[in-house]
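Colleague: Here is a sequence with its predicted model. Questions after.
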Number of protein chains: 2
Amino acid sequence: MTDKNIIETFLKPESVAVIGASKNPLKGGNRIVNNLIYNNFKGKIFPINPNADGIIYGLKFRKSILDVDEDVDLAIFYVPNHKIPELLKECTQKEVKGAIIEASGFEEAGELGLKLKEKIIDITENFTKIRILGPNCMGITRIDADSDAKDKGGFFSSFAVFNKYKRGNIAIISQSGMLNGGYLMHVISKYPDLGIRYSCSIGNKMDLSEIEFLEYFIDDPTVNVIALYLESFKDPRKFIELSNKVRTIPKKTIILVKGGLTRQGQIASFSHTGALAENGKLIEAIIKQSHVIQAKSFYELFQFARTFSMVYESNKKLPVKGNIAMVAGSGGSETITADLATAQGLTFPKLGDKTYEIIKNFYPTWMPFNKSAALIDIWPAMEKEMIKSKNTDAVTKAVYEALINDPEIEGIFNMLFVSRLFRNMTNLDILTKIARETEKPMFFWLIGEIKEINRVSKILSANNLPEFPNLSEMVKNFQILVNEGKNKKNI
Amino acid sequence: MTDKNIIETFLKPESVAVIGASKNPLKGGNRIVNNLIYNNFKGKIFPINPNADGIIYGLKFRKSILDVDEDVDLAIFYVPNHKIPELLKECTQKEVKGAIIEASGFEEAGELGLKLKEKIIDITENFTKIRILGPNCMGITRIDADSDAKDKGGFFSSFAVFNKYKRGNIAIISQSGMLNGGYLMHVISKYPDLGIRYSCSIGNKMDLSEIEFLEYFIDDPTVNVIALYLESFKDPRKFIELSNKVRTIPKKTIILVKGGLTRQGQIASFSHTGALAENGKLIEAIIKQSHVIQAKSFYELFQFARTFSMVYESNKKLPVKGNIAMVAGSGGSETITADLATAQGLTFPKLGDKTYEIIKNFYPTWMPFNKSAALIDIWPAMEKEMIKSKNTDAVTKAVYEALINDPEIEGIFNMLFVSRLFRNMTNLDILTKIARETEKPMFFWLIGEIKEINRVSKILSANNLPEFPNLSEMVKNFQILVNEGKNKKNI
């Protein structure tokens, strides 16, 4: 069986056994069955528990996997570590193709754990009889359809319960189960429009690792963004090769958080996934040669993933020069943004003559427009317009269209002050229409009342326009687009 | 009149004239009067407008300030720039002590603006006849009591409308009016427990600057945290002198965002407040010698201010070594935190023997506790406890108390997974009680459902326990406490 076939089996099994299924709703073995059923897993499910009788969610318990008289693609283990070897042996007898081991207590737990690992290697004949995902993981989640669709769900094998989700273009590969469980739940709750295609928890990666999943996702046209959390590189050479392949594929990006960059981080990751300390300079070299987008926290990982997801979804063009414009009603925020942008290598270029000629007409004589950098304090123009018109639509249209038509500018930062009282100050319909129709990325920074920010943020998000809680993050997220634009251009 | 007296007049005037008061609620001159009245300004208010008759909010309009037959402490101008010199002349005749000029179009607006400035210098006899705040500013806000108190309000002179606010220990001095207006509104809506004492918009600082306000706030016992946004230093030597004085005062901290650190930033700040380019190395030297806490964005400014506000409010001890512990249910988040902490110079020390002896007993044999660094993955201990007890309170109590009693540890990072379904997993009462009673700062990182995060965040906030949206910010905010601890220790 090729690696591609086995990953296909893990992502899209036709039959699964849940070893450790339980009637007790507080136990993970119960939640896994619940998660599979509730999220419309289309294949067969066999609950296995030597101590349970009767049925669970309408399915009959078996004492052992050997009692199942049909083929089983995957066994999902939710039992304590010391029970795994024997049960795994039964799986090999049954010719189960793969096993997801969610229990911890292996490489990361000292001598006893290492002995268990050796037993597993022995039983699986070095993973030739059966392939292993984990241990110490949260399994696989595959989303085929949104949770509010009629045909919702896909394949949900973790013990974390997912009720609300959207299908999208992001695939997650993570050595932290939390990222596939509680944190993913958090991210989905925070960014309700963020769509996920796969979430793969690879844990200690005793057998299968980031490499096999990466290979699969590179070829999967439903995936645009691969979000990775690694505590070690299984095969650095192969990782670099695969990442560089991604550079040649339009609309495909890898974002990596590497844990254990420092001695303290390595102490933590050793207790976590048993990751052995890697040389700091070597890690740096791998990341540099792979040209992946590096994030420094889980928060950044998903924020970057959201940005690329939206940019690809809305067919925006990746910037390559780092030339940006900003439209704001606050000189202070433009000053800070200009400082932050400089630190990230971004430039607010001088406006083109044509752009300048269009915009300057909207400015009052007592506050002439400054063309020396694409930092547009739109407030004086809006004030002037409000004196003669009922609204500022003409200014909005003219300024944004002029900037979009300026060939030097690759994207636009926008500050919006949002408040229930001043809803008429910004015509969101006009702005989102302009932003949808241009191929230049437009990023937003919203200030004002939180409730109103949430309302506007939803509208922007539905138009694939990312909104950021602060200027640093807005700048940083544009900078990674430039990095990726260069990555893809310079290959 | 000394500087202290004049600042007292600006912060606590007994009578104000609003020049440019208007019946039209869309105009700033209307909102200023509204803001003063709605927020219980205790002094007298005189609306001035040559083109208005009758009354506004029960107050009689005057055509000119010269028609007022009582003393006027402050004149608040909301009229276009070119009208200011003549009206200011009337103020000097009336012997008004100070003027707040909210209009823009002076130093930042080129030649015409500079001519206006010269006229003002002439009329005010170089600011000896009347002192000026601004121009290009949002005035002064002084909060005496919370908006939901019976005797709510104080002195609200900006044209930004504030309905909800709390009195607290933070004073803001800013060259960006947005920071005193829309952004402050945003911050208050985002952190509803954040208390503000003063918000001073100094604009172009034609006369009064950060220096006079700083001097005042250093001596004001109601102020613990001074949040500064500057585009230029009015008097670097004096700034360094004052900032170093703050180092000798317990529970007093200055946080500074300096705009215009880069050439691009200086282009923006010149168009904004007319700030002249300062030498980058000089700025760096001023900040270094002043030992203020530097923030790099408005977001950081208020987040740092909130952290210090809470830490001082709850009588926590500032760390000086940078030794921190972390309690989390996720090895991945500890790995990332350890990496981030290393980059910020923080250390997770080895646990003391006593601490180790207490904590290790809670761990199962299959997952022994690792004492090599104060990174506590509490999950195995909680799982073990849940098997024998109904809850995990014993583990929570023992682990936190052991860490608090460990003399090497100066603070604790806490990750909490919060979810409606799993509310019983964390006993918030126990945790907040422990956190309130210790003098070691405890910081929180919450993941889970946004609604539940908001609920828990409110509880933490009411106990002066800051919660952060990501690990980088949690680490950074502890690092600034260490910086300030060292600042105050090493003087």
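Modeller: Perfect, I can see it now. Numbering: from 1, shown residues only, chains lettered A, B, ... in the order given.

Colleague: from here on, contacts and neighbour counts on C-alpha atoms
Modeller: Will do.

Colleague: Flag every buried residue along the longest helix along chain A.
Modeller: Counting residues, the longest helix found in chain A (DSSP state H) is helix A:471-489. Using 16 or more other Cα atoms under 10 Å in any protein chain shown as the test for burial, helix A:471-489 gives A:471-488.

Colleague: For chain B, tell me which of those residues show up nearby.
Modeller: Near chain B, judged by Cα under 8 Å from any Cα of the partner chain, the entries from these are A:471-472.

Colleague: Only the C-alpha atoms, please, for the longest helix of chain A, written as CSV.
Modeller: The C-alpha coordinates for helix A:471-489 follow below in CSV (Å, rounded to 0.1, in the frame of the first residue of the first chain):
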residue,chain,number,x,y,z
LEU,A,471,-2.1,47.5,13.5
SER,A,472,0.9,45.1,14.2
GLU,A,473,-1.1,42.1,13.1
MET,A,474,-2.5,43.9,10.0
VAL,A,475,1.0,44.8,8.9
LYS,A,476,2.5,41.4,9.7
ASN,A,477,-0.3,39.6,7.8
PHE,A,478,0.5,41.7,4.7
GLN,A,479,4.1,41.0,5.1
ILE,A,480,3.6,37.2,4.9
LEU,A,481,1.6,37.7,1.7
VAL,A,482,4.7,39.5,0.3
ASN,A,483,6.9,36.7,1.5
GLU,A,484,4.8,34.1,-0.2
GLY,A,485,4.5,36.2,-3.3
LYS,A,486,8.3,36.3,-3.5
ASN,A,487,8.5,32.6,-2.6
LYS,A,488,6.4,31.7,-5.6
LYS,A,489,7.9,34.2,-7.9
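
Colleague: so what secondary structure elements neighbour that helix?
Modeller: strand A:293-294, helix A:298-313, helix A:331-343, strand A:442-448 (3 or more Cα pairs under 8 Å, 6 or more residues apart in numbering or on different chains; DSSP states H and E).

Colleague: contacts for it?
Modeller: With contact meaning Cα atoms under 8 Å, 6 or more residues apart in numbering or on different chains, helix A:471-489 is reached by A:247-250, A:253, A:291, A:293, A:304, A:307-308, A:318-322, A:333, A:336-337, A:340-341, A:344-346, A:413, A:443-445, A:467-468, B:297, B:299.

Colleague: Give me the buried entries from those residues.
Modeller: Here, 16+ other Cα under 10 Å leaves A:247, A:253, A:291, A:293, A:304, A:307-308, A:318-322, A:333, A:336-337, A:340-341, A:344, A:346, A:413, A:443-445, A:467-468, B:297, B:299 buried among these.

Colleague: mind giving me the domain split of chain A?
Modeller: For chain A, the structural domains run A:3-312, A:317-489, going by automatic domain parsing.

Colleague: Can you get me the centre-to-centre distance for the first one and its chain?
Modeller: Centroid displacement of domain A:3-312 relative to its chain, using Cα atoms, centre = their mean, to the nearest Å, is 14 Å.

Colleague: and that domain, what's its mean pLDDT?
Modeller: Mean pLDDT, computed over domain A:3-312, is 95.

Colleague: near chain B, anything from that domain?
Modeller: Yes - using Cα under 8 Å from any Cα, domain A:3-312 reaches chain B at A:105, A:109, A:112-113, A:175-178, A:182-183, A:185-186, A:189-190, A:259-269, A:271-273, A:296-299.

Colleague: Dig out what A:Leu446 forms beta bridges with.
Modeller: With DSSP bridges as the criterion, A:Leu446 is bridged to A:Leu416.

Colleague: can I assume it is in contact with A:Pro466?
Modeller: No - the criterion here is Cα atoms under 8 Å, and A:Leu446 misses it with A:Pro466 at 10.6 Å.

Colleague: what's around the residue in the stretch 351-491 of chain A positioned nearest to chain B, how many residues?
Modeller: Closest residue of the stretch 351-491 of chain A to chain B, Cα to the nearest Cα: A:Gly448 (4.3 Å). By the criterion of other Cα atoms under 10 Å in any protein chain shown, A:Gly448 has 22 neighbours.

Colleague: That one: what's it in contact with?
Modeller: Going by Cα under 8 Å, 6+ apart, the list of residues near A:Gly448 reads A:417-419, B:182-183, B:185-186, B:189.

Colleague: let's go with 7 Å and repeat that
Modeller: A:417-419, B:182-183, B:185-186 (Cα atoms under 7 Å, 6 or more residues apart in numbering or on different chains).

Colleague: what about the residue of the stretch 51-200 of chain A found nearest chain B, which helix or strand?
Modeller: Distance from chain B to each residue of the stretch 51-200 of chain A (Cα to the nearest Cα) is smallest for A:His186, at 4.3 Å. With secondary structure defined by DSSP states H and E, A:His186 is part of helix A:182-190.

Colleague: now swap in A:Ala99 and tell me
Modeller: Judged by DSSP H and E, A:Ala99 forms part of strand A:98-101.

Colleague: Going by contacts, tell me the helices and strands next to that strand.
Modeller: In terms of contacts (3 or more Cα pairs under 7 Å, 6 or more residues apart in numbering or on different chains; DSSP states H and E), strand A:98-101 is packed against strand A:74-77, strand A:131-133.

Colleague: Can you give the contact residues for the last one?
Modeller: Yep, that's strand A:131-133 we're talking about. By Cα under 7 Å, 6+ apart, strand A:131-133 touches A:97-101, A:202, A:205, A:207-208.

Colleague: Over to the longest one?
Modeller: By Cα under 7 Å, 6+ apart, the surrounding residues in contact with strand A:74-77 are A:10, A:13, A:15-20, A:96-102.

Colleague: again with stretch A:260-270
Modeller: Contacts to stretch A:260-270, defined as Cα under 7 Å, 6+ apart, come from residues A:108, A:231, A:259, A:275-277, A:280, B:331-332, B:334-336, B:338-339, B:342, B:375.

Colleague: One more: stretch A:400-420?
Modeller: A:319, A:323-328, A:352, A:355, A:358, A:440-449, A:452-453, B:182.

Colleague: By neighbour count, which bits of it are buried? Give me those.
Modeller: A:400-404, A:406, A:408-419.

Colleague: before we move on, back to that, what sits against the residue of the stretch 51-200 of chain A closest to chain B?
Modeller: By Cα under 7 Å, 6+ apart, A:His186 lies in contact with B:447-450.

Colleague: Chain neighbours aside, what residue packs nearest to it?
Modeller: Of all residues not flanking A:His186 in the chain, B:Gly448 sits nearest, at 4.3 Å (Cα to Cα, 6 or more residues apart in numbering or on different chains).

Colleague: now A:Leu346
Modeller: Nearest non-adjacent residue to A:Leu346, counting by Cα to Cα, 6+ apart: A:Gly322, 4.8 Å away.

Colleague: Over to A:Gly29?
Modeller: Nearest residue to A:Gly29 in three dimensions, chain neighbours excluded: A:Ala21, at 4.2 Å (Cα to Cα, 6+ apart).

Colleague: Surely that neighbour and A:Arg31 touch.
Modeller: No - A:Ala21 is beyond contact range of A:Arg31, at 8.4 Å (criterion: Cα atoms under 7 Å).

Colleague: higher neighbour count, those two?
Modeller: A:Ala21 (28 against 22).

Colleague: Would you confirm that A:Leu465 contacts A:Phe443?
Modeller: Yes - between A:Leu465 and A:Phe443 there is a contact under Cα under 7 Å: 6.3 Å.
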